[in-house]
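J.: here is my input, please return the structure:
(chains A and B)
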There are 2 protein chains.
Amino acid sequence: MTIQTYTVSGMTCGHCVNSVSSEIGKLPGVRDVKVDLASGAVTVQSEQPLDDTAVAAAVDEAGYEVVRA
Amino acid sequence: MTIQTYTVSGMTCGHCVNSVSSEIGKLPGVRDVKVDLASGAVTVQSEQPLDDTAVAAAVDEAGYEVVRA
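T.: You can find the predicted model right below:
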């Protein structure tokens, strides 16, 4: 099990959190996604280390941006 | 056709706008809902005058609050 943390900008409400969680959750091997709205911290638990580019693409798909991986 | 404007607090992003629009749009006779995110102004076009209580309940259902009807 791997845990990686990202900082995502632009999330302003619970719907934003849901969008980001949902898109990252679609990546293969992802078990859990936790988002702290206030700080933008996104913690991803996965079966194997994730490709940061894939995570950034998922966040982009949701309409937000990874500012720190 | 009737046009009524409400002020709704708590909307922070496009998802919030969609939620409010969607809930108000379910009210009988509603033809169109326009939301200005910055000001919180919600303009509702309907076939007959709407009951403010019903609009407030729809906004509440979406998770927000009418502060001025």
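
J.: average pLDDT across the helix or strand hosting A:H15?
T.: Using DSSP states H and E, A:H15 falls within helix A:14-25. Taken as a whole, helix A:14-25 carries a mean pLDDT of 97.

J.: buried stuff in it?
T.: Neighbour-count burial for helix A:14-25 flags A:14-17, A:19-21, A:23-24 (criterion: 16 or more other C-beta atoms under 10 Å in any protein chain shown). C-beta: built from backbone N, CA, C; applies to glycine.

J.: distance of the residue in chain A that chain B sits nearest to from A:S22?
T.: Proximity of chain A to chain B (C-beta to the nearest C-beta) peaks at A:H15, 3.1 Å away. From A:H15 across to A:S22, the span is 10 Å (C-beta to C-beta, to the nearest Å).

J.: also A:K34?
T.: From A:K34 to A:S22 the distance is 13 Å (C-beta to C-beta).

J.: before we move on, what about A:Q4?
T.: 18 Å.

J.: one step back: export the buried residues of helix A:14-25 to JSON lines and tack on distance to B:P49?
T.: Putting those into JSON lines (distance: C-beta to C-beta, whole Å) gives the following:
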{"residue": "A:G14", "distance to B:P49": "32"}
{"residue": "A:H15", "distance to B:P49": "30"}
{"residue": "A:C16", "distance to B:P49": "35"}
{"residue": "A:V17", "distance to B:P49": "37"}
{"residue": "A:S19", "distance to B:P49": "36"}
{"residue": "A:V20", "distance to B:P49": "40"}
{"residue": "A:S21", "distance to B:P49": "40"}
{"residue": "A:E23", "distance to B:P49": "41"}
{"residue": "A:I24", "distance to B:P49": "45"}
